[in-house]
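Novice: Please work out how this folds:
(one chain, ligands or ions: 1)
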Amino acid sequence: MGAATAPRIPSTRLALHHFDTSYSLHLGALWPSVRAALLCEQKYGALLNNFAAADHVPQELELLNATNFISEASQKAQHWQQGAAVGEARGCQDGSGEGRTVMQAGMVTQAEMSPPFCTSISSKIKCYTFPRGDITRFRPARPDSLGLLDYYLMDAASLLPVLALNVQPDNFVLDLCAAPGGKTLALLQTGFCGHLAANDVSISRTKRLYQILHSYVPKEVRDTVSVTSYDGRDWDQVEGGTFHKVLVDVPCTTDRHSAMEEDNNIFHKRRTKERQMLPMLQLELLMAGILAAKPGGEVVYSTCSLSPLQNECVVERALDIAETQFNISIHAEDLSHFRTLFQDTFSFFSDCRLGELVLPHLTANFGPMYFCKLRRTVVSALLVAVVQHCPFSLGTMVAMALSCHG
Ligand SMILES: C[S@@+](CC[C@H](N)C(=O)[O-])C[C@H]1O[C@@H](n2cnc3c(N)ncnc32)[C@H](O)[C@@H]1O
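Specialist: Numbering: from 1, shown residues only. The predicted structure follows:
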């Protein structure tokens, strides 16, 4: 049989073969159960639309046994903090002479009590999910009297990068790869964005972002959002160093989609080159996000892939390039308290070198979702000026850095 007539291997099969090879090494004994979950129906969360007149919806969802997993986590944090305060007031010492507080079984450690523990989830974002093992589906969203839809169905794990960003009142926020707009909508639900720049290079996907904004957000709030279609890698030439918070939710191998759907599958033979170039594109986008943040600003990098090459390795490379090529030092934040807070809703991988990873699980079939939070530390104005007036594009600088580092 000639090459032209040879039966084509389905892209989903190529994807699974690739995953079997790489993820069995990375996830070890966990891979077979993650694989099974990837091949089963995913779970959704219902992100409540605070802009719609939908006061009856929480009660309707609670009657079905769904709960708001974000407020539950927030209550858990408050409860633990009160417990810790009582423990400290009692002054229980461990007798080691180091003054450590003795923690009872089930209580959180001092590291987990750090400020982000409470602040990162004191959010107005409300998302309902069904309990572990309950695979009930949500009804489709309904419009209120003004036509705004009452909730947005999405992978609930997609909210974790938004919660990690921890938007504060009047923050200038950039969503660098925003379409179709689930996370943009969640950012708006905080009610805190002083200005939101939502960008996506794809014109067709940007149209979907507009549709979501029109279906969920009233005009006066939409007016605070600027939607653009730049190549995110060039963002520093548009508006460098101005944002308090930047979300870099990059294109990736979208593992769940690649394992299940032939349509638009990045494992299709003709997309091999594009797939192999993904880590480079992700790195350039993350660098652009870092440069778009103010000194002191925060960046969350996220993917919906399990691949360490697209997750930790990209972040590690970006930290290195920021330091060596741009003289920007970055602090990678510890988000392990997210694991403690959200363990009832999601299954987390416990061995990420940097950031956190939600693993699909048959009883909690969300994700995959990787997220890592970076804080740009303050640098001298002179260095920023040098970088911003550098004659090379960001892509050239990243390529130069990569060739120097081999
Ligand atoms: C994972 S999706 C983003 C999902 C979105 N944040 C959400 O929550 O709905 C990645 C997006 O990156 C966009 N993208 C790809 N290359 C880009 C580039 N060079 N600059 C900006 N966006 C890009 C794609 O069009 C795609 O919409």
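
Novice: what comes up buried for stretch 190-201?
Specialist: Buried residues in stretch 190-201, counting neighbours by 16 or more other CB atoms under 10 Å, are found at T190, F192, C193, L196, A197, A198, N199, D200, V201. All C-beta atoms are positioned from the backbone trio N, CA, C, and that covers glycine.

Novice: got the CA coordinates for stretch 239-248 in CSV?
Specialist: Presented in CSV, the C-alpha positions along stretch 239-248 are these (Å, rounded to 0.1, in the frame of the first residue of the first chain):
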residue,chain,number,x,y,z
GLU,A,239,2.6,48.4,27.1
GLY,A,240,5.5,47.2,29.2
GLY,A,241,5.8,47.2,33.0
THR,A,242,2.3,48.6,33.7
PHE,A,243,0.2,45.8,35.1
HIS,A,244,-0.3,44.8,38.8
LYS,A,245,-1.4,41.3,37.7
VAL,A,246,-0.8,39.3,34.5
LEU,A,247,-2.3,36.0,33.6
VAL,A,248,-0.4,34.0,31.0
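
Novice: if we can go back for a sec, out of the buried residues of stretch 190-201, who's nearest the ligand?
Specialist: Taking CB to the nearest ligand atom as the measure, the ligand sits nearest to V201 out of the buried residues of stretch 190-201, at 3.7 Å.

Novice: give me phi/psi at the residue nearest to that closest one when sequence neighbours are not counted?
Specialist: Distances taken as CB to CB, 6 or more residues apart in numbering place D231 nearest to V201, at 5.0 Å, with adjacent residues excluded. Dihedral pair for D231: phi -70, psi 120, per degrees, to the nearest 10.

Novice: cool, the one 4 residues further on as well?
Specialist: Dihedral angles of W235 (phi, psi; degrees, to the nearest 10) stand at phi -60, psi -30.

Novice: Surely it is in contact with A288?
Specialist: Yes - counting by CB atoms under 8 Å, W235 does reach A288; the two are 4.5 Å apart.

Novice: CA-only coordinates of the strand or helix carrying R35, as CSV, when you get a sec.
Specialist: Using DSSP states H and E, R35 falls within helix 31-38. Taking C-alpha atoms only, helix 31-38 is exported to CSV below (Å, rounded to 0.1, in the frame of the first residue of the first chain):
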residue,chain,number,x,y,z
TRP,A,31,-0.5,7.5,35.3
PRO,A,32,-3.0,4.6,34.7
SER,A,33,-5.7,6.3,36.8
VAL,A,34,-5.0,9.7,35.3
ARG,A,35,-5.2,8.2,31.8
ALA,A,36,-8.5,6.5,32.6
ALA,A,37,-9.9,9.9,33.9
LEU,A,38,-8.7,11.7,30.7
